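Q: how would this look folded up:
(one chain, ligands or ions: 1)
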Amino acid sequence: MDDFRREGLIITLDGPAGSGKSSTAKAVAKRLAFRHLDSGALYRALTLGLLRSGVVESDWEALSEQEFANLDIDLQATETGFQVLIGGEVVDSELRTAMVTDRVSFVSSLAACRQSILGLQRKAGKDGRLVADGRDMGTVIFPEAALKIYLIADLEERAIRRLREVGEDSPDGFRLAQQARALDTRDQSDSQRAISPLKMAEDAIELDTTRLAFEEQVQAVVDLAHRLTLF
Ligand code: DC
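A: As a prediction, the model looks like this:
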């Protein structure tokens, strides 16, 4: 672990789907002994909560902030990050099923949905020492963050990485194109929505990870964090 103990520091990592945000953020947090917040997991939890609630999908759009709050999504701090809870019960792998992934971009475009977990995210950063990843960490949730990174990678490389995550190490051309299309559709939807769209904060640093090995991208962020302590 690196000797890096600056109190109050928040680092944000935003970027498109499959750019390696969450895995990078988690590894950076470990190196710095910070906590990791995966904000995408909160939107996934809201989506799973809706699926479990029995509210028909065509009614999701009209739900109020209070109705989203009633889904009872919460975060519980651990040594290294946060567990996500729905109604007091920890959820994890259930958040990554296709049922959730196919709907989460739509759910996260709803203003009431975003508003319902705004306070929860800010609370997670109240003591600093946080590496937060998502789409609007540097622009909306933690605009005062000391270090903002915007991760990008070529679409094909992101598709390869996503498939590798689910154990598909040698996908054929069809599978690769299918995955690339799914990522691209989600990016379009995430960046074109009216509220808190995916976009680079003006004071963010862009990091293209297409040709970086995982350890290299982690090191690049850690180096930037260390540079902050020189002032
Ligand atoms: O990072 P992820 O794939 O788990 O995110 C799931 C979805 O949640 C993604 O399609 C966009 C949305 N999201 C968001 O709108 N804002 C965030 N800060 C994080 C995720």
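Q: buried residues in stretch 139-152?
A: Across stretch 139-152, burial judged by 16 or more other CB atoms under 10 Å covers T139, V140, I141, F142, A145, L147, K148, I149, Y150, L151, I152. No exception for glycine: its C-beta is placed from N, CA and C like everyone else's.
Q: could I get those as TSV with secondary structure and distance to Y43?
A: Listed next are these as TSV, based on DSSP: H, G, I helix; E, B strand; the rest coil; distance: CB to CB, whole Å:
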residue	secondary structure	distance to Y43
T139	helix	16
V140	helix	13
I141	helix	12
F142	coil	16
A145	coil	19
L147	strand	23
K148	strand	20
I149	strand	20
Y150	strand	19
L151	strand	18
I152	strand	21
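Q: how about the helices in the protein?
A: 21-32, 39-53, 65-69, 98-108, 111-116, 118-124, 155-165, 173-192, 214-228 (DSSP state H).
Q: between these, which gets nearest to D133?
A: helix 21-32 (3.9 Å; CB to CB).
Q: sorry, back to before: I'd like the helices of the chain laid out as JSON lines, including distance to A77.
A: Shown next, in JSON lines, are the helices of the chain (distance: least, CB to CB, whole Å):
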{"stretch": "helix 21-32", "distance to A77": "12"}
{"stretch": "helix 39-53", "distance to A77": "14"}
{"stretch": "helix 65-69", "distance to A77": "20"}
{"stretch": "helix 98-108", "distance to A77": "23"}
{"stretch": "helix 111-116", "distance to A77": "20"}
{"stretch": "helix 118-124", "distance to A77": "8"}
{"stretch": "helix 155-165", "distance to A77": "26"}
{"stretch": "helix 173-192", "distance to A77": "27"}
{"stretch": "helix 214-228", "distance to A77": "21"}
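Q: would you turn the ones you listed into CSV with distance to D203 and mean pLDDT?
A: CSV is the format used below for the helices of the chain (distance: least, CB to CB, whole Å; pLDDT from 0 to 100):
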stretch, distance to D203, mean pLDDT
helix 21-32, 18, 96
helix 39-53, 19, 98
helix 65-69, 29, 98
helix 98-108, 24, 95
helix 111-116, 22, 98
helix 118-124, 19, 98
helix 155-165, 24, 94
helix 173-192, 19, 94
helix 214-228, 13, 94
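Q: nearest the geometric middle of this protein, what residue?
A: G134 (2.9 Å; CA atoms, centre = their mean).
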